[in-house]
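Chemist: return a 3D structure for these sequence lines:
(2 chains)
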Amino acid sequence: MTGPLYLTGAFGADVSLWVAVGIGFLFGFVLERAGFGDARNLTDIFYFRDMRVLRVMFTALSTAMVGLVLLSWVGLFDYTILLEYSLLKTYLWPQLVGGVLFGLGFIVGGYCPGTSAVGVVSGKLDAVIFLIGMTVGIWVFAAGFSIWGAFATSSALGRLTLWQLFGMSKEMMAGLIVVMALAAFALARLGEKWAPYGK
Amino acid sequence: MKNREYAEGFWNPYVAGVALGLVLLLTFYLMGTGLGASGAVARTSAVLAHAAVPGAVEQNGYYKSFYKTEGKNPLVNWMVFQVAGVFLGGLVAVLTARRFRPGVGRGPTAGVGLRLSLALVGGVLAGVGTRFAMGCTSGQALSGGATMVVGSWVFMMAVFATAFLAANFVRREWS
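Modeler: Numbering: from 1, shown residues only, chains lettered A, B, ... in the order given. From the prediction side, this is the model:
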């Protein structure tokens, strides 16, 4: 059957909630097996001790990206639906500022939202505290929304992909990203040898 | 630091990456959207605030969209159910690997007080960041990244550049 199944009406909203639990289960299981339930495994990348996070993330991203292109080639996935209805929208400046704040939160706090959930069930008190901090942070964002709400939805570029921006095919762009990922894996190895903060 | 026992016993990172990528691919095939996490925290924060000051939350410029449909609990939502699954799947993975160890993940010379204070500060920063970025590592970097979304790549580059630059200032926390 041609996906995305939910958007083409193969099942309804009630069923989608059960799908959500199943998908989340797999997601949480793999995150734990990747070692992402411990803040030290997540932050070691930033000290060039262990580039595990880069390897897992770029491999996962490339696998899903190439998989979607392949599925659309064989007619099992309608990429047009994705582009027109469900692709994330770009808000350039707020996403850049959000990335900087999030990057600070990541290195200072040691987790990101999904991994903190796995940290909590691994028994990590720091993950519990991080999750409480995130809740407080979102209260802060909501409380000040009248001040920065307009900025948060500014520079809206709509559903825009890199290959549309650069005027190339999605296959070419995906190929370039895979090459970039492979180069990053090679650099990661050099970074671990360099180890500027010690092993 | 030579002995990194906390990094042992996990899957090869490339194997874990392919597994994670296949979960993400399955999600797109089934739903047309990717994975997420911070949206569930946002809805939880709304419900907690709503218990204290319902009127203010329903009027709030950011939170009001969660209360559009009258009588519908903001927690009955795809993302919230998916994150409930993450807790479950993570727990099963931890228990089957016999890896449940209560404690605080920190560098060998960092105190518990320092680490927990910074976990709170970092959580607040990350929480605010996710709302400006409309997502986190799961929703933007991974899912938006795999669908080659411009804003997601901008977010991902900003996250990693900032964290690499800021790492020097908190090295006592992790070394």
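Chemist: quick one: the helices in chain B?
Modeler: B:13-31, B:38-52, B:54-59, B:78-96, B:112-133, B:145-146, B:150-166, B:171-174 (DSSP state H).
Chemist: highest mean neighbour count out of those helices?
Modeler: Highest mean neighbour count of the helices of chain B: helix B:145-146, a mean of 26 (counted as mean count of other CB atoms under 10 Å in any protein chain shown). Where you see a C-beta, it was placed from the backbone N, CA and C, and this is true even at glycine.
Chemist: so where's chain A shaky on pLDDT?
Modeler: For chain A, applying pLDDT under 70 flags no range at all.
Chemist: would you map the helices across it?
Modeler: Assigned by DSSP H, chain A shows helices spanning A:13-33, A:39-43, A:52-73, A:79-81, A:92-109, A:113-121, A:125-143, A:145-152, A:162-165, A:170-194.
Chemist: tell me the buried residues in the fifth one?
Modeler: This means helix A:92-109. Buried residues in helix A:92-109, defined by neighbour count with 16 or more other CB atoms under 10 Å in any protein chain shown: A:92, A:94-109.
Chemist: how's chain A carved up into domains?
Modeler: Residue ranges for the domains of chain A, per automatic domain parsing: A:1-33, A:39-194.
Chemist: redo those domains as TSV? Include distance to chain B.
Modeler: Formatted as TSV, the domains of chain A follow (distance: least, CB to the nearest CB, whole Å):
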stretch	distance to chain B
domain A:1-33	2
domain A:39-194	2
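Chemist: and of the ones you listed, who's closest to residue B:116?
Modeler: Residue B:116 sits nearest to domain A:39-194 of all the domains of chain A, at 5.2 Å, using CB to CB.
Chemist: just how off-centre is the closest one within its chain?
Modeler: A distance of 3 Å separates the centroid of the chain from that of domain A:39-194, by CA atoms, centre = their mean, to the nearest Å.
Chemist: now the end-to-end length of that domain.
Modeler: Counting by CA to CA, to the nearest Å, you get 22 Å between the two ends of domain A:39-194.
Chemist: re the thing from before, in a markdown table: the helices of chain A, plus distance to residue B:30.
Modeler: Output for the helices of chain A, formatted as a markdown table (distance: least, CB to CB, whole Å):
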| stretch | distance to residue B:30 |
| --- | --- |
| helix A:13-33 | 6 |
| helix A:39-43 | 28 |
| helix A:52-73 | 12 |
| helix A:79-81 | 13 |
| helix A:92-109 | 26 |
| helix A:113-121 | 18 |
| helix A:125-143 | 27 |
| helix A:145-152 | 30 |
| helix A:162-165 | 24 |
| helix A:170-194 | 21 |
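Chemist: quick check: which of these is buried the most?
Modeler: Ranked by mean neighbour count, the helices of chain A are led by helix A:113-121 with a mean of 28 (mean count of other CB under 10 Å).
Chemist: now that helix against helix A:125-143, angle please.
Modeler: Interaxial angle, helix A:113-121 versus helix A:125-143 (axes from the mean of the first three to the mean of the last three CA atoms, to 10 degrees): 140 degrees.
Chemist: can I get the helices of chain B in TSV including mean pLDDT and distance to chain A?
Modeler: Listed next are the helices of chain B as TSV, based on pLDDT from 0 to 100; distance: least, CB to the nearest CB, whole Å:
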stretch	mean pLDDT	distance to chain A
helix B:13-31	98	2
helix B:38-52	98	4
helix B:54-59	96	8
helix B:78-96	98	2
helix B:112-133	98	2
helix B:145-146	98	4
helix B:150-166	98	3
helix B:171-174	96	5
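Chemist: can I get the ones you listed in CSV including distance to residue A:53?
Modeler: Shown next, in CSV, are these (distance: least, CB to CB, whole Å):
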stretch, distance to residue A:53
helix B:13-31, 8
helix B:38-52, 18
helix B:54-59, 35
helix B:78-96, 17
helix B:112-133, 15
helix B:145-146, 14
helix B:150-166, 9
helix B:171-174, 13
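Chemist: just the CA trace of stretch A:150-165, in PDB.
Modeler: This file holds the C-alpha atoms of stretch A:150-165, laid out as PDB (Å, rounded to 0.1, in the frame of the first residue of the first chain):
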ATOM      1  CA  ALA A 150       5.700  37.700  16.900                       C
ATOM      2  CA  PHE A 151       9.400  36.900  16.600                       C
ATOM      3  CA  ALA A 152       8.700  33.100  17.100                       C
ATOM      4  CA  THR A 153       6.600  33.000  13.900                       C
ATOM      5  CA  SER A 154       8.600  35.500  11.900                       C
ATOM      6  CA  SER A 155      10.700  34.800   8.700                       C
ATOM      7  CA  ALA A 156       8.200  32.100   7.700                       C
ATOM      8  CA  LEU A 157       9.400  30.400   4.500                       C
ATOM      9  CA  GLY A 158       6.700  27.700   4.400                       C
ATOM     10  CA  ARG A 159       7.400  24.100   3.500                       C
ATOM     11  CA  LEU A 160      10.900  24.400   2.000                       C
ATOM     12  CA  THR A 161      13.500  21.800   1.300                       C
ATOM     13  CA  LEU A 162      17.200  22.100   0.700                       C
ATOM     14  CA  TRP A 163      16.900  20.700  -2.800                       C
ATOM     15  CA  GLN A 164      14.200  23.200  -3.700                       C
ATOM     16  CA  LEU A 165      16.400  26.000  -2.300                       C
END
